[in-house]
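Colleague: turn this into a model:
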Amino acid sequence: MQMFNRVAVSNALVAALIFMAAPAQAVVEAGKIIYSRGVVSIVDIQDSARGGKSGAKIFEGDRVVTGRGGIAQIRLSDGALIALRGSSEYQIEKQTFGNDEGVYEQAGKLFTGWMRSITGAIGQKYPQKVTQRTSVATIGIRGTVYQVISIPPEGLPGFAGEAPGTYVFLEEGSVELKGNDGARLLKPGEVVFVPESGGAPVLMPGKKPLFLNAEEGVVEFVEAENLEFGQDLNQTLTSNLGGSRTPGFVGYFQVYSFTGQYVTAPGSVEVAGFGVGRIPTRLTIDDGEVFYEVVPNASATPTQMGAYLSDSGALINWGVWGSNNYSVYDNGTLSNTVPFSEWHFMLADNLLASPEDLDASRLSGTASYSYVGGTTLTDQIGTSGLSVNITGGKIDVNFNTQTMLFNIDSTAGALTYDAAAGGGNTISDFYNGGIALTASGSGYAGGISGAFADQGDAIVSKIYLDDGNGAAEGVAAFAR
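Modeller: Next comes the predicted model:
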């Protein structure tokens with residue numbers, strides 16, 4: 001017996017050493033849960049479950065499971081959005097978002113329940129590398145927004161009496177739904193069904209109310225179950241599950257007025273794209289004296305594009321429309337008299353329009369915001385060729401005194417608050433007109449203005465510097 005024990009222990013040690021020597025398979029972070037209510041769990045490939053609270057990370061192979069009345073919203077690494085309602089189970093089979101075309105891939109499977117998907121960067125650039133599956137169907141996408149309901153043979157809460165199978169409703173773009181016996185290309189507004197028993201996709205226009213009334217159905221179900229979601233649930237279903245967040249805008253279009261004076265005007269903006277590919281497609285400038293519309297050319301794309309995804313799932317995008325990439329219309333007429341310059345833009349989810357929108361109950365004491373990205377500050381007047389890169393640094397905010405201090409690293413030196421220039425450094429000053437900056441040891445002077453975003457957890461800004469010959473401007477984002 002003693003010899004048997006030695007052999008058993010020896011074999012166990014050898015096995016352990018072999019295991020330790022084998023290369024470990026890398027765990028790929030696929031995204032995170034940006035919103036959850038009710039019972040939400042994450043189950044890994046070893047069938048080990050953990051909590052699916054807001055902010056929880058999700059890895060390749062993980063399944064997100066929602067209980068009756070639960071809600072989960074997932075933001076993938078490429079900016080794609082997956083929303084799940086109660087009694088759903090969805091697996092992230094593959095999520096690879098790299099710098100080379102060969103490593104872009106996205107795949108998922110809805111085992112049961114309801115999901116809504118908004119395409120991210122992978123789907124926009126390489127739609128052939130994105131697939132979604134159910135037990136009986138495969139969905140190929142071409143950059144789109146769509147909903148899927150997968151009803152198992154035993155039925156699905158909230159969809160009593162509906163035939164088991166896969167229902168797909170296309171909102172925008174184009175999808176191809178494949179069953180065992182054929183495929184069908186959907187048009188926006190169409191609903192197509194593949195039965196659980198198999199077969200070809202069938203157009204089902206009478207099933208459109210399953211999707212259009214889904215929010216009301218979930219609300220009624222949750223209230224019937226006495227789950228204490230209340231108004232938060234209604235707001236979440238309509239603003240998050242029912243559509244993408246509306247981005248605020250920080251960006252400035254610089255022109256000469258007809259008197260030769262330099263004019264900076266903010267404007268309203270139209271936005272296209274999703275995830276990291278989100279860009280402004282029209283800017284309207286109306287300050288009561290001038291009315292311009294700025295429209296990018298159809299074949300043009302911005303440069304210096306970047307994005308930052310916060311822990312709460314809010315997205316900030318930035319980039320530059322070059323001087324030859326858009327046209328300017330003056331009161332509806334193409335203008336040839338206004339010199340073109342670069343259009344720097346920054347889009348942010350949940351932009352707070354004024355200092356009064358900051359929530360004092362959660363924003364108190366001091367907080368530090370680190371630089372996360374932006375555009376190169378470039379000469380907008382064209383006389384000096386001035387160009388400055390922001391390389392790092394931070395903004396310190398004291399919410400008790402409502403003041404801001406700056407230590408921003410740049411190729412022109414450290415940018416700090418310039419008290420000697422006059423003006424204050426309050427949050428109100430930041431929103432209204434800007435705060436004076438000076439660059440240490442270089443003679444550059446300028447300022448910074450902007451707004452808070454993401455419930456106060458991020459700052460989006462315009463920065464300008466002047467070397468005495470010309471002004472350079474760009475946009476920058478900072479996050480807690």
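Colleague: now the helix or strand harbouring residue 183: buried residues?
Modeller: Per DSSP states H and E, residue 183 falls inside strand 182-186. Buried residues in strand 182-186, defined by neighbour count with 16 or more other CB atoms under 10 Å: 184, 186. In this view, the C-beta of every residue, glycine as well, is placed from N, C-alpha and C.
Colleague: rounded mean pLDDT for the strand with the most length in the chain, please.
Modeller: Ranked by residue count and defined by DSSP state E, the top strand of the chain is strand 105-118. Mean pLDDT, computed over strand 105-118, is 91.
Colleague: show me what the helix or strand immediately after that strand in the chain is packed against.
Modeller: Reading on from strand 105-118 to the C-terminus, the next helix or strand found by DSSP H and E is helix 121-125. If you count contacts as 3 or more CB pairs under 8 Å, 6 or more residues apart in numbering; DSSP states H and E, helix 121-125 packs onto strand 105-118.
Colleague: with just CA atoms, put the strand it packs on into CSV.
Modeller: Once non-C-alpha atoms are left out, strand 105-118 reads as follows in CSV (Å, rounded to 0.1, in the frame of the first residue of the first chain):
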residue,chain,number,x,y,z
GLU,A,105,-13.2,38.2,-36.3
GLN,A,106,-16.5,38.2,-34.4
ALA,A,107,-18.9,35.4,-33.7
GLY,A,108,-21.6,34.8,-31.2
LYS,A,109,-24.5,32.4,-30.5
LEU,A,110,-28.0,33.2,-29.0
PHE,A,111,-29.1,29.9,-27.4
THR,A,112,-32.4,31.3,-26.2
GLY,A,113,-34.1,34.7,-25.6
TRP,A,114,-34.0,38.1,-27.2
MET,A,115,-31.0,40.2,-28.4
ARG,A,116,-30.5,43.5,-30.3
SER,A,117,-27.2,44.0,-32.1
ILE,A,118,-25.6,47.2,-33.4
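Colleague: so what does that strand touch, helix or strand wise?
Modeller: If contacts are counted by 3+ CB pairs under 8 Å, 6+ apart, strand 105-118 sits against strand 81-84, strand 89-96, helix 121-125, strand 130-133, strand 145-151.
Colleague: next, the buried residues of stretch 316-326.
Modeller: By 16+ other CB under 10 Å, the buried positions in stretch 316-326 come out as 316, 317, 318, 319, 320, 321, 322, 325, 326.
Colleague: sitting in strands, which of these do you find?
Modeller: 316, 317, 318, 319, 320, 321, 326.
Colleague: about what we covered before: the helices and strands packed on strand 105-118: which one's closest to residue 30?
Modeller: strand 89-96 (3.6 Å; CB to CB).
Colleague: helices or strands up against the closest one?
Modeller: strand 29-37, strand 63-66, strand 71-76, strand 105-118.
Colleague: mind listing the strands that strand pairs with, and their directions?
Modeller: When pairs are called by DSSP bridges, strand 89-96 turns out to pair with strand 63-66 (antiparallel), strand 105-118 (antiparallel).
Colleague: is the residue lying closest to residue 163 once chain neighbours are set aside bridged to anything, and to what?
Modeller: In this structure, residue 163 finds its nearest non-sequential neighbour in residue 195, 6.3 Å apart by CB to CB, 6 or more residues apart in numbering. With DSSP bridges as the criterion, residue 195 is bridged to residue 165.
Colleague: separation between the spatially most central residue of the chain and residue 330?
Modeller: Centrality entry for the chain: nearest residue to the mean C-alpha point is residue 315, 3.6 Å, by CA atoms, centre = their mean. In this structure, residue 315 lies at 33 Å from residue 330, with CB to CB, to the nearest Å as the measure.
Colleague: so who does residue 115 touch?
Modeller: Taking CB atoms under 8 Å, 6 or more residues apart in numbering as the contact definition, residue 115 lies against 82, 83, 84, 85, 88, 90, 147, 148.
Colleague: residue 155: which of the residues you listed is nearest?
Modeller: Looking at the contacts of residue 115 and their distance to residue 155, the nearest is residue 88, at 13.8 Å (CB to CB).
Colleague: got a list of what residue 107 touches?
Modeller: Each residue near residue 107 by CB under 8 Å, 6+ apart is listed here: 93, 94, 95, 130, 131, 132, 133.
Colleague: if we use 6 Å, what do you get?
Modeller: With contacts taken as CB atoms under 6 Å, 6 or more residues apart in numbering, residue 107 has the following neighbours: 93, 94, 131.
Colleague: residue 369 against residue 459, yeah?
Modeller: Yes: with contact defined as CB atoms under 6 Å, residue 369 counts as touching residue 459 (5.1 Å).
Colleague: can you list the neighbours in contact with the helix or strand hosting residue 428?
Modeller: Here residue 428 is covered by helix 427-431, with elements defined by DSSP H and E. Defining contact as CB under 6 Å, 6+ apart, one finds that helix 427-431 is touched by 355, 402, 404, 435.
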